[in-house]
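>>> please work out how this folds:
(2 chains)
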Protein chains: 2
Amino acid sequence: MKLAMTLALVTLALCCSLASAEVCQSFLNVMETLFTGTLSSYEAAVEPFLPDADMKDAGIQLKRLVDMLPQKAKESILKLTDKIVRSPLCA
Amino acid sequence: MKLAMTLALVTLALCCSLASAEVCQSFLNVMETLFTGTLSSYEAAVEPFLPDADMKDAGIQLKRLVDMLPQKAKESILKLTDKIVRSPLCA
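Next up is the predicted model:
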């Protein structure tokens, strides 16, 4: 029974850690369209989270600003976001 | 023993869910300094994630752009980020 309990705990811990990785994936998709997608692909990525009118409007303003960044900077910010989300502080 | 195992599983599940909320808090702190803090407070928030030189430079460029957004838009984007991170898709 001790072995069964240990296995169950380890499995649950693994499931939890996979679940929180998936969390981040969903958010990372929004970030990715913000930095590399079109305005409409960004809006489509945000839509499932039911933003209100102010949030949508602010998102569009942010997207227009972000589009002014050089390609290399956009890529570095995505890498940084990925690094933060997957860091031991966030795992 | 079944009760003990059930309690252990429920406790672990709760711990996991608290842990992933904390994950998000750590990331939300970076977002908060990006949108409402000074450049140096943003840099300090990112530092624990060990950004490389390109990431630091890109972060500074992004911070300068974000600082051009009206206060209301900044607040709406933080609310949207919070909503995404705490949504059922990310919980």
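>>> any idea which helix or strand in chain A has the lowest mean pLDDT?
Every helix and strand in chain A was compared by mean pLDDT, DSSP states H and E; the lowest is helix A:2-36, with a mean of 64.
>>> quick check: next helix or strand after it?
helix A:39-46 (DSSP states H and E).
>>> which positions within that next one qualify as buried?
Going by neighbour count (16 or more other CB atoms under 10 Å in any protein chain shown), the buried part of helix A:39-46 is A:42-43, A:45-46. In short, each C-beta sits where N, CA and C put it, glycine included.
>>> now for whatever helix or strand comes next after it, which elements pack on it?
Next along the chain after helix A:39-46, taking DSSP H and E as the criterion, comes helix A:53-66. Other elements packing on helix A:53-66 under the criterion 3 or more CB pairs under 8 Å, 6 or more residues apart in numbering or on different chains; DSSP states H and E are helix A:2-36, helix A:39-46, helix B:53-66, helix B:71-85.
>>> 6 Å instead, please
helix A:39-46, helix B:71-85 (3 or more CB pairs under 6 Å, 6 or more residues apart in numbering or on different chains; DSSP states H and E).
>>> mean pLDDT added to those, as TSV?
Putting the helices and strands packed on helix A:53-66 into TSV (pLDDT from 0 to 100) gives the following:
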stretch	mean pLDDT
helix A:39-46	96
helix B:71-85	93
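>>> need those in TSV with distance to residue B:35, can you?
Shown next, in TSV, are those (distance: least, CB to CB, whole Å):
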stretch	distance to residue B:35
helix A:39-46	16
helix B:71-85	4
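>>> so which of the ones you listed gets nearest residue A:85?
helix B:71-85 (10.1 Å; CB to CB).
>>> buried set for the closest one?
Buried, per 16+ other CB under 10 Å, within helix B:71-85: B:73-78, B:80-81, B:83-85.
>>> among those residues, which ones lie close to chain A?
B:73, B:76-77, B:80, B:83-84 (CB under 6 Å from any CB of the partner chain).
>>> closest one of these to residue A:54?
The closest of these to residue A:54 turns out to be residue B:76 (CB to CB; 4.4 Å).
>>> dump the residue contacts of the closest one.
A:54-55, A:58 (CB atoms under 6 Å, 6 or more residues apart in numbering or on different chains).
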